[in-house]
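*Asks:* heads up, no residue letters with this:
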């Protein structure tokens with residue numbers, strides 16, 4: 001089980017995989033390939049699903065007026081593509097059961 005940290009990096013995933021594959025180098029190579037493929041699929045498709053994990057979607061955002069929260073100055077936010085993630089059933093179940101463990105419910 002991975003340690004609770006504010007951010008997760010590729011080496012953390014590779015260290016976890018090392019337990020199964022035996023070699024950190026092989027685990028890191030697998031991790032790099034996985035994220036390279038994920039990045040390519042997300043940039044080339046509008047929707048990319050990993051069964052049991054979730055769906056990544058590219059959404060086109062329209063131009064709009066935003067406001068700097070510090071200065072309250074208005075500025076145009078240009079149109080852009082963003083990635084959204086919708087968790088699949090397996091991930092949702094783990095999130096729900098994880099919340100119960102932390103809250104004691």
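*Replies:* That came in fine, so what should we check first? Not measured: the values here are computed from a predicted model.

*Asks:* just for this structure, where's the confidence low?
*Replies:* Applying pLDDT under 70 to the chain flags the ranges 1-5, 99-105.

*Asks:* longest helix in it, by number of residues?
*Replies:* helix 24-44 (DSSP state H).

*Asks:* quick check: buried residues in that one?
*Replies:* 27-28, 30-31, 42 (16 or more other C-beta atoms under 10 Å). Using the backbone N, CA and C atoms, a C-beta is placed for each residue, glycine as well.

*Asks:* distance from it to the middle of the chain?
*Replies:* 13 Å (C-alpha atoms, centre = their mean, to the nearest Å).

*Asks:* tell me what that helix is packed against?
*Replies:* If contacts are counted by 3 or more C-beta pairs under 8 Å, 6 or more residues apart in numbering; DSSP states H and E, helix 24-44 sits against helix 10-21, strand 47-50, strand 54-61.

*Asks:* give me the next element, helix or strand, following the last one.
*Replies:* Tracing the chain past strand 54-61, the next element assigned as helix or strand by DSSP states H and E is strand 64-67.

*Asks:* remind me what that next one packs against, helices and strands.
*Replies:* strand 74-77.

*Asks:* give me the sheet partners of the strand it packs on and which way each runs.
*Replies:* strand 64-67 (antiparallel) (DSSP bridges).

*Asks:* list the contacts for residue 81?
*Replies:* For residue 81, the contact set (C-beta atoms under 8 Å, 6 or more residues apart in numbering) comprises 58-61.

*Asks:* now, which of those sits nearest residue 97?
*Replies:* Nearest to residue 97 among the contacts of residue 81: residue 59, at 29.3 Å, using C-beta to C-beta.

*Asks:* please name the bridge partners of that closest one.
*Replies:* For residue 59, the beta-bridge partners under DSSP bridges are residue 82.

*Asks:* mind putting the helices and strands packed on helix 24-44 into CSV with mean neighbour count and distance to residue 67?
*Replies:* Below are the helices and strands packed on helix 24-44 laid out as CSV (neighbours: other C-beta atoms under 10 Å; distance: least, C-beta to C-beta, whole Å):
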stretch, mean neighbour count, distance to residue 67
helix 10-21, 14, 36
strand 47-50, 15, 31
strand 54-61, 14, 16
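
*Asks:* I'm done for today, thanks for sticking with me.
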